[in-house]
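> Predicted model, plus sequence, below.
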Amino acid sequence: MNWLRKNLIAIIGILVLIYLFIPIAVIAVMSFNKPEGKFNISWNQFSTDAWQNLCGVPGVCDSFLVSIQIGLISTVVATIFGTMIAFALVRYRFRGRSSTNLLIFLPMATPEVVMGSSLLALFLNLRFPLGEVTVIIAHIMFIISFVVVTVKARLQGLDPRLEEAARDLYASPRATFRYVTLPLVLPGIIGAALLGFALSFDDFIISFFNAGTLVTFPIFIWGAAQRGIPVQVNALATLVFLVALVVVLTSQFVSYRRRKSLEILPEEDRSPATVDVMSRS
Amino acid sequence: MAAVLPSGGVSATPVAQRRSRTGYFLLLPGMAWLGIFFAIPFITLFVTSLQAPSPDAAGQFVPAFQVSNYAEAFLNYWPQFVRSLVYAGLATIFALLIGYPLAYFIAFRGGKWRGLLLVLVVAPTFASFLLRTYAWQTILSDNSPITQFLNFLHLLPDERILNTGIAVVAGLTYNFLPFMILPLYAALEKIDPRLIEAGSDLYASPVTTFRKVTWPLSLPGVVAGTLLTFIPAMGDYINAQLLGSTGDRMIGNAIQVNFIQFRDYPIASALSFILMAAILVLVFSYIRRAGTEDLV
Amino acid sequence: MRQVDDLRLDHLTKSFGEMTAVDDLSLTIPAGSFFALVGASGCGKTTTLRMVAGLEDPTSGRILIGDRDITGMRAYQRPVNTVFQSYALFPHLDIYENVAFGLRRRGIKDVKGPVESMLDLVELGPMARRKPSQLSGGQQQRVAVARALINEPEVLLLDEPLGALDLKLRRQMQIELKRIQTEVGTTFVHVTHDQEEAMTMADTVAVMNAGRIEQMGYPAEVYELPRTLFVANFLGQSNIISGAVAGSDGSMVTVSAHGAAFRLPGDRNSASGAAILVGVRPEKVTLLDAVDSARVPAPHNRVDGTVTDVSYTGVSTQYLVRTPWGQELTVFEQNDIVGDRAAVGDPVVMHWAVEHTFGLEP
C-alpha cells in the first residue's frame, strides 16, 4: 500500500505514456494486416505485402513526394524569413514593435480552418490558380511564426558578452556573426526548421483549402478514406514515425553523452561558474 | 580640452541609424509575407463576410454591407458554436487532468530520463494526424474491447462510442494532449524541489502541499497549456468529421462545408470571423484573469 | 619586457539618458602597472572599462594610449583586450580555438606556437582540446586570461575576473594573475568591488564613487590616509567622530568633540572649515582596562567607554565600545595578549597614536 502511494504518480505517468502510443501501435500493427475487404479497420491476417511494395497503390508515393517537396521548400523559405525577423526583434530597435509582435502571434492563435479559408478567399478574389504554389505560400505563412518564436528564444538566451568578447578579440561585425553568433544560434534554427517541416508535412486543413487538384500525403489519406485507406499508407506513416524518432533520439543521446562527459571533472575544482556555463551551452 | 568633446558623440549617431535600417531590412520579407498572406486575407475575409448574392448570376457574390450575414450565420449555426465550446472545453479539462500527472512525473521523477521521456511525449505527433484519428475509429469501434467493456458496465447511453460526442471529445483530448504536457512540464521543471519539501514540512498533507505550493507555481504552464489545447480544439473539424455523427458537428465543419461544398462564401466568412472573435475574446479575458499577460 | 605606453582618460563622461555613469573622469594609468579600479556596484567602474574596451561610446572625452587617440576606434580595432566577468568563453569552440580566436581574426596563419606557449603560461596545455564547459571555474578563468593576453594587448582589462570563484580559489588566482602580469609586463586595469582584492593585487588603487574618482594612490597610502568619508568606509572600516576644529598650533590640529579633545597632524586633515570628522582605523586602537588608564601614553588620543560586544574571529577579536556620548566604536585587537580579554560591560579606555588619526570633510 505504501509502495503504491509512493509510486502512484509514476504509474499514472507511465499509463498516460502508453495511452499516447495506443494509436501509433494500431497504425503500425495494421501496416502488417491483409484486410479482408477494402477497409483496413479490423485485423485479418499477417502480411508484409505493404512493406515490400510501398508504392504499390497508385498515388501513394506521388503524394508522399509532393508533401516532402512542399515541406522542404516551405521550411527553407520560412526558416530564413523567420530567423531574420527573430534577429530584428532581439537585436534592433524599430517602430511598430507591438503590431509586429501581434502579427507574429495571431497566426498561432488562429484556427487552421480560419487561416485556410481566408487565404482561399484571397486566392479566389485574385483568381490565382490553386495548386502547389498556393499550398507552399500557405505553409510558409503559418510556419514563419513558429520559427520566429523558436529562434527568438535561442537568441535571447545567448549571452551578449560572447559577442562583445568576439568584438574585443578583433572580430569585425561580420566575423562576429560568422564565427560566434551563427554557430551558437544554429541549434535553434535547426530545431525550428525540423518543427516547420513536421508542421508542413502533416498539415491537412490549410492544404486542403488551398490545394485545388493537388494531392499531398494527408490529402491522399483523406481522399482514400472514403474507399478504404491502403495498407501502404500505414506502412509509410510508420516509416516516417520511426525515422523522426531515430533522428530525435540520436540528438538526445548526443547531448546526453556530452553532459555525461562533464561528470569526470574533479569535484573539488568545480565552482558555480562551471554550472552556469554548462546550463547556457 | 573642450575641443575634443564631440569625438565620441558624433560617431555614435550614424551607428544607431545604420542599425535600425538593417532591422527594417531583416523584418521586411517575413513581415511582408505575413501581411500579404495572413493580414490581407483576414481583411478580405471580413469584406467577403459582408457580401450579398449577385442579382445577375446565381452562386456569385457582389460587394455589399450585408451585416445580416452575421445574424444568419449565427442563427443557423449556434448549436455548432455551443458544441464547439463544450467539446473544446471538455477536451481541455481532460487533457489537463491526464497531462498534469505525466508532466509532474517527468519533471520531478524523470531524472536523467527527462529528455527521453519528453521525446516520447512528442513522438506520437510524428505519425500523421489524420491516421491517428482514423486509428481511434478502430480503437473505439462498436466491437472493440473498450466499447464492449463499457457496455458491460452499462456506462454508455447510446451503447456505443464511435459516432457520438464522446468519441469526438476523446479524439480532441488525445490529439492536443502533447500541447498541454509540454508547457506544463516547462513550468513544473522550473520549480525548486526544495520548495515542495518545505511545503510538505509546513502543511504535512501532500494534498495541501500540492494546492498551496505546486499548483500555484505551475499556473503559467497551466495557462499556456490550456490555451494551446483549447484554441486548436475549438477550430478543429477533423475529429468531429471522423469520430462523430452528423449530430456532433462543430463550427469548423460548418465553415468547411460552407466554403467547399455550398460555396456560400459570405456565410462561411462570417462564421470564421465569429469563431476568431470568440477565440480572441476568450483568450484575452482568460489571460487577464490568470494574470500572466507576458505570455503573448 | 616590451615598450608600452600609458593609458590616459581625458575628461571622460558617459550618460545614459538622465543618469551620468561616469562623470568627467581624467586619469593616467602608467604603462606596465597593475591598476585597480574599486567601487560599489553602479559606481561607473565597469562603464569606464567598457569605454576603454570600445564596447561603449563615451558621451564626451577622449581615451588615449600614449599619444594615440583611440576614442573613435571600434572595439575590434583597439590594442586592448578584456577578461570578461564570468569569462564569456565561446562554448562552441575548444580551449585551443578560444585562445587562437584573436590571432585568427587578425589573419595570422601560424597560431600553433603562440597558442601552445600561452596555454603553457597558464598551465592548461593538456586541456587544449576540451570544451569550456568541461573546465572548472579556475581553469576557465585562466583560459579567459590566455585568450586576451595572446594578442599582446597594450592594456589588459579585467572586469571582476575573480567574482565567480570561491574564496580559496580567489586567493590562488590573485597570486597567479600577479605572476602573469609581472611576467608579461602589460598594463592591467582591474575592476572589482572587493577592496581587499584590489589592495592585494594592484600597485595603484583608485576608489570610484558616483562616476568620479574619490582617491587614488598606492594601496597602503590610500588605506592609511583616506581623504574622503566614502574612502574611509569603503576601503576597510573606520571609526568616525564628528567634532569642530578648536585650534591649530603649527603642525597639529586640535579638535573638540563631545567634550573630549583629539589631536591630529595638520597634513592628515582634509577638512577645510571648522566642522570636521575625526577618524581612526579599528586596528590602530588599543584597549585598556579602566583601572590601567594611567598607562595610556600622554600624547595619544583617548576615549573612555564600556564594552557592549565581543566577537572572537580567530586572528583577532572585535570589540564594540560605547562612548560616554553614546556612539559605538569598533576596536580590532590581535589575539596575542596573554590573560583575560575584556568582557561585555567592562569599563575600558581606548587610545591611539595621533599619527594614526585623520580628519575628513563632513
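Yep, that arrived. This one's a predicted model, so the numbers in the text were calculated from it and none came from an experiment.

> what about the closest residue to B:Arg249 other than its chain neighbours, which helix or strand?
Among residues not flanking B:Arg249 along the chain, B:Ala240 sits closest, at 5.4 Å (CB to CB, 6 or more residues apart in numbering or on different chains). Bear in mind the C-beta positions are built from the backbone N, C-alpha and C, glycine included. B:Ala240 belongs to helix B:238-243 when elements are defined using DSSP states H and E.

> ok, the host helix or strand of A:Ala244 near chain B or not?
With secondary structure defined by DSSP H and E, A:Ala244 is part of helix A:231-261. Yes - residues of helix A:231-261 contacting chain B under CB under 8 Å from any CB of the partner chain: A:233-234, A:237-238, A:240-241, A:244-245, A:248-249, A:252, A:255-256.

> Pick out whichever of those residues sits closest to C:Lys109.
A:Ser255 (34.0 Å; CB to CB).

> show me what contacts that closest one?
B:Gly115 (CB atoms under 8 Å, 6 or more residues apart in numbering or on different chains).

> Check what pLDDT it gets.
Model confidence at A:Ser255, given as pLDDT, is 72.

> same thing with B:Asn69?
pLDDT, B:Asn69: 91.

> Also A:Val231?
We have a pLDDT of 89 for A:Val231.

> Quick check, it in contact with A:Pro35.
Yes - using CB atoms under 8 Å, A:Val231 makes contact with A:Pro35 at a distance of 6.8 Å.

> Between these two, which has more neighbouring residues?
More crowded of A:Val231 and A:Pro35, by other CB atoms under 10 Å in any protein chain shown: A:Val231, with 22 against 18.

> dump the residue contacts of the closest residue to that one other than its chain neighbours.
Spatial nearest neighbour of A:Val231, excluding adjacent residues (CB to CB, 6+ apart): A:Ala50 at 3.8 Å. When contacts are counted by CB under 8 Å, 6+ apart, A:Ala50 touches A:31-32, A:56, A:230-232, A:234-235.

> Assign A:Ala50 to helix, strand or coil.
Using DSSP: H, G, I helix; E, B strand; the rest coil, the structure places A:Ala50 in helix.

> how about the strands in the chain?
By default, I'm working from chain A. Secondary structure of chain A (DSSP state E): no strands present.

> Not quite, go with chain B.
B:52-53, B:61-62.

> Please list the residues of the stretch 101-250 of chain B that sit near chain C.
Residues of the stretch 101-250 of chain B lying near chain C (CB under 8 Å from any CB): none found.

> excluding its backbone neighbours, what's nearest the residue of the stretch 101-250 of chain B found nearest chain A?
Proximity of the stretch 101-250 of chain B to chain A (CB to the nearest CB) peaks at B:Gly235, 2.1 Å away. Closest residue in space to B:Gly235, ignoring its immediate chain neighbours: A:Pro111 at 2.1 Å, by CB to CB, 6+ apart.

> doesn't B:Ala233 make contact with that neighbour?
No - when contacts are counted by CB under 8 Å, A:Pro111 is not listed as touching B:Ala233 (9.1 Å).

> Looking at those two, which is more packed in?
Neighbour count, other CB under 10 Å: between A:Pro111 and B:Ala233, B:Ala233 has more, with 28 against 24.

> quick one: contacts for A:Ile206?
By CB under 8 Å, 6+ apart, the residues touching A:Ile206 are A:112, A:115-116, A:119, A:135, A:138-139, A:142.

> Done for today, thanks.
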